[in-house]
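Novice: 3D model of this:
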Amino acid sequence: MKDHDILAALETSNHKLVLAESCTGGLAVATLAQIPGISKFLCGSAVTYRPGAKKDWLGIPDTLIEQYTAESAEGTQAMCRGVLQQTPEATIGGAITGQDRKSTRLNSSHANISYAVF
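Specialist: You can find the predicted model right below:
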């Protein structure tokens with residue numbers, strides 16, 4: 001999807017978008033913020049890198065993180081729901097989280113990314 005596709009989709013649907021980011025550290029919202037006209041539709045992003053921030057800012061219970069991990073589908077969905085609850089203006093939310101796992105094979109790094117959209 002290209003920049004103008006994202007803006008066109010938001011314009012057509014008249015949705016207001018909010019994000020919760022972890023492993024991307026705000027890169028997703030920073031990228032979107034470069035699109036001319038996006039400010040009509042982009043509410044912002046909560047960068048919740050550590051589990052404590054996910055709990056405090058997004059209301060994710062410790063028990064969910066302990067049972068599933070913050071990088072799980074359940075954790076990602078909870079991030080999305082939490083950021084939507086914290087942003088009444090938003091009508092659609094997205095969450096991105098993951099874990100960088102060092103591979104012993106070829107000394108490479110692989111990211112395990114989870115995302116959710118509501």
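
Novice: does residue 19 count as helix, strand or coil?
Specialist: strand (DSSP: H, G, I helix; E, B strand; the rest coil).

Novice: shaky segments in this structure?
Specialist: Where the chain drops to pLDDT under 70, the residues are 1-3, 100-116, 118.

Novice: Quick check: bridge partners of residue 97?
Specialist: Residues in a beta bridge with residue 97, per DSSP bridges, are residue 114.

Novice: I'd like the distance between it and residue 54.
Specialist: 8 Å (CB to CB, to the nearest Å). Quick note: C-beta positions are derived from backbone N, CA and C, even for glycine.

Novice: joint contacts of the two?
Specialist: The contact sets of residue 97 and residue 54 overlap at 22, 70, 75, 79 (CB atoms under 8 Å, 6 or more residues apart in numbering).

Novice: residues of the helix or strand encompassing residue 5 that come out buried?
Specialist: Taking DSSP states H and E as the criterion, residue 5 maps to helix 3-13. Within helix 3-13, the residues that count as buried by 16 or more other CB atoms under 10 Å are 6-7, 10.

Novice: now do stretch 19-28
Specialist: 19-24, 26, 28.

Novice: on that earlier part again, distance to residue 34 added to the buried residues of helix 3-13, as a markdown table?
Specialist: Converted to a markdown table, these look like this (distance: CB to CB, whole Å):
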| residue | distance to residue 34 |
| --- | --- |
| 6 | 11 |
| 7 | 11 |
| 10 | 15 |
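
Novice: Just give me the closest of those to residue 84.
Specialist: Taking CB to CB as the measure, residue 84 lies nearest residue 10 of the buried residues of helix 3-13, at 15.4 Å.

Novice: Could you give the number of residues near the residue nearest to the closest one when sequence neighbours are not counted?
Specialist: The shortest distance from residue 10 to any non-neighbouring residue, by CB to CB, 6 or more residues apart in numbering, is to residue 41 (3.9 Å). When neighbours are counted by other CB atoms under 10 Å, residue 41 registers 21.

Novice: what does residue 15 give?
Specialist: By other CB under 10 Å, neighbour count at residue 15 equals 13.

Novice: need the contact list for it.
Specialist: 41, 91-92.
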